[in-house]
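**Student:** quick check, what structure comes out for this input:
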Amino acid sequence: MEATLDAVKRDTRGKNEARRLRAAGQIPGVVYGARKDGQAPEGVAVAVDPKIVLRILHSEAGANSLINLKLDGAEARVMVKEYQLDPVTHRLLHADFYQLAMDKAITVTVPVVLKGEAKGVKVQGGLLDWVTRELEVECLPTDIPENVTIDVSDMALNEAIRVRDLPQDAKWKPLTEAETMLVHIVLPKAEEAAQAATAAAEPEVAKKGKDEKKDDKK
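**Tutor:** Okay, here's the model as predicted:
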């Protein structure tokens with residue numbers, strides 16, 4: 001998703017300035033420029049409309065939305081870097097943005113989405129355990145995936161899908177550890193406990209049988 005946000009440069013900072021801005025229907029923020037030689041330039045203090053920022057954050061792309069920021073007659077592509085909410089009212093209090101270099105890869109976190117009904121659940125009575133719900137990926141700003149979708153339809157009992165099992169995509173690559181488990185199909189707890197109890201009892205039966213044979217020989 002792409003969105004547009006107007007920003008106004010502010011000359012003063014501090015709690016009093018922040019209160020004044022919020023009373024006027026604005027919130028303070030900082031825009032950080034694109035990195036040069038590995039260093040982030042000093043941020044520019046701005047004021048923005050919190051309603052528009054919240055609309056962007058609540059969109060499907062959320063904090064991964066590309067924002068066309070208008071400031072002092074110029075435009076730049078930015079993303080939300082950090083934001084602060086009031087713990088009681090959940091009102092937006094502050095937002096920071098960072099400018100993107102559109103030809104350089106960035107690291108973002110995207111949600112994992114499951115689709116389909118696993119046969120290990122539907123037919124074999126297992127439970128689907130969704131272990132990892134977000135992935136860290138690297139991509140160009142224009143190639144940020146809205147999500148990573150996993151089809152679990154063919155998953156059987158005791159089967160798992162890990163990061164390394166994901167199909168390769170030319171537009172992005174996962175940075176999350178390859179062995180990280182995303183989802184697996186497990187036995188319900190009661191059946192798992194019953195199997196464990198049976199397995200634990202089997203050696204005792206075998207041992208008892210051996211002792212009985214020894215007693216017969218005596």
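
**Student:** and the residue lying closest to Gly116 once chain neighbours are set aside, which of the three is it?
**Tutor:** Distance criterion Cβ to Cβ, 6 or more residues apart in numbering; nearest residue to Gly116, sequence neighbours excluded, is Ser153 at 3.4 Å. In this view, the C-beta of every residue, glycine as well, is placed from N, C-alpha and C. Under DSSP: H, G, I helix; E, B strand; the rest coil, the three-state class of Ser153 is coil.

**Student:** now Ser153: phi and psi?
**Tutor:** Per-residue torsions, Ser153: phi -50, psi -40 (degrees, to the nearest 10).

**Student:** so how far is Arg13 from it?
**Tutor:** With distances taken as Cβ to Cβ, to the nearest Å, Ser153 is found 54 Å from Arg13.

**Student:** what's the span of stretch 126-140 from first residue to last?
**Tutor:** 39 Å (Cα to Cα, to the nearest Å).

**Student:** what of stretch 156-172?
**Tutor:** Using Cα to Cα, the end-to-end distance of stretch 156-172 comes to 28 Å.

**Student:** contacts only, for the spatially most central residue of the chain.
**Tutor:** The chain has Glu134 as the residue nearest its centroid, 3.1 Å off, counting by Cα atoms, centre = their mean. Contacts for Glu134 (Cβ atoms under 8 Å, 6 or more residues apart in numbering) come out as 109-112.

**Student:** quick check: longest strand of the protein.
**Tutor:** Ordering each strand of the chain by length in residues (DSSP state E) puts strand 74-85 first.

**Student:** who does that strand pair up with?
**Tutor:** Paired neighbours of strand 74-85 in the sheet (DSSP bridges): strand 66-71 (antiparallel), strand 92-99 (antiparallel).
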